[in-house]
Structure formats: C-alpha cells, structure tokens
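[1] Below is the sequence, then the predicted model.
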Amino acid sequence: MPSRFALAACLLCALAPLLQAQPLPTGADLGATAADLQRAMPDLERVARPTRMAGGLAGLWRSAPVALAGVVGNYTFFLAGGQVRRIEFWADAPADPSAADAAFDAIAAWGRDLYGAEMASGGPGARYAAW
C-alpha cells in the first residue's frame with residue numbers, strides 16, 4: 001500500500017500560488033456553492049461515498065488530479081449548509097520518501113507561518129496536518 005498524506009486548511013486554495021503549484025480556479029474557495037464549484041471546475045466529480053464529519057460537513061466533490069508541492073493528488077470539497085466549508089488535498093506520496101517528506105514539510109511550513117501550529121498526526125504510512 002502506498003504512503004499517503006493529507007492536508008486540510010481553511011484556506012488551502014491560497015497555498016497553491018505560494019508553492020508555485022496549480023492554483024484553484026476562482027469560485028472554488030470557501031463559501032462557494034456546489035454550482036459555483038461546477039462553474040469554476042467543470043471536471044469535478046461527485047463523490048460516490050462522501051466522508052461525513054461533525055457539523056454536517058460532507059466531502060461531496062473531488063477534483064481531477066492536480067500538482068501541489070511536487071506531488072499529484074486531488075482536492076475534496078466539503079460542504080455544509082450548501083457552501084464549501086473545508087478543502088482537503090490528498091496525495092499518494094512519491095516513491096522516494098525524502099521527496100514525500102519535503103513536499104509535506106513545505107506545505108506544513110506554509111500553514112504554520114499563516115495559522116500557527118497545526119493539528120497533526122501520523123501513523124504507519126500516513127501523515128496529516130490541519131489548521
């Protein structure tokens with residue numbers, strides 16, 4: 001099973017330009033509606049089995065693969081009350097563990113600079129950070 005990592009931030013979409021990665025289109029940010037997302041990202045796919053979280057959050061829409069900090073993954077958009085309230089980026093880590101660590105560390109450092117210490121966890125084959 002490949003190693004995976006996830007990043008969730010209130011404004012993850014702002015991260016992409018800072019890391020010279022592909023930014024999200026305007027309209028695919030916090031507060032957007034499902035219709036806004038579909039207009040901004042016509043290749044979005046509805047998630048067959050959405051992840052459900054506290055507060056009515058549901059991961060309903062997933063992007064096509066995008067590059068971020070040297071890894072390729074997908075954004076998942078979580079909606080509650082008809083609006084995007086959370087954006088996650090999930091990626092399979094590169095085969096080279098140092099490249100995976102470098103990508104994760106670059107994104108985590110960005111989050112720390114903007115939001116302070118993250119909530120983080122890790123286990124066998126996975127790392128996670130959220131702000």
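    Great, that's in hand.

[2] From here on, just use CA atoms for contacts and neighbour counts.
    Noted.

[3] What ranges in the protein fall below the confidence cut-off?
    1-24, 110-111, 114-115, 123-125 (pLDDT under 70).

[4] Can you pull up the most central residue in it?
    Phe89 (2.0 Å; Cα atoms, centre = their mean).

[5] my guess is that one contacts Tyr75, does it?
    Yes: counting by Cα atoms under 8 Å, Phe89 does reach Tyr75; the two are 4.5 Å apart.

[6] before we move on, back to that, element containing the residue nearest to the centre of the chain?
    Counting by DSSP states H and E, the element that carries Phe89 is strand 83-92.

[7] Show me which parts of that strand are buried, residue by residue.
    Gln83, Val84, Arg85, Arg86, Ile87, Glu88, Phe89, Trp90, Ala91, Asp92 (16 or more other Cα atoms under 10 Å).

[8] Just the CA trace of it, in CSV.
    Provided in CSV are the C-alpha atoms of strand 83-92 (Å, rounded to 0.1, in the frame of the first residue of the first chain):
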residue,chain,number,x,y,z
GLN,A,83,-21.4,26.1,1.0
VAL,A,84,-17.8,24.9,0.9
ARG,A,85,-16.5,24.9,4.5
ARG,A,86,-13.4,22.7,4.1
ILE,A,87,-11.0,21.8,1.4
GLU,A,88,-8.6,18.8,1.6
PHE,A,89,-5.7,17.8,-0.5
TRP,A,90,-4.9,14.0,-0.6
ALA,A,91,-1.9,12.6,-2.4
ASP,A,92,0.0,9.4,-2.8
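
[9] follow-up on the earlier one: what would the buried residues of strand 83-92 look like in a markdown table with distance to Arg127?
    Below are the buried residues of strand 83-92 laid out as a markdown table (distance: Cα to Cα, whole Å):
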| residue | distance to Arg127 |
| --- | --- |
| Gln83 | 27 |
| Val84 | 24 |
| Arg85 | 22 |
| Arg86 | 18 |
| Ile87 | 17 |
| Glu88 | 13 |
| Phe89 | 12 |
| Trp90 | 10 |
| Ala91 | 11 |
| Asp92 | 11 |
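
[10] Fine, thanks again, bye for now.
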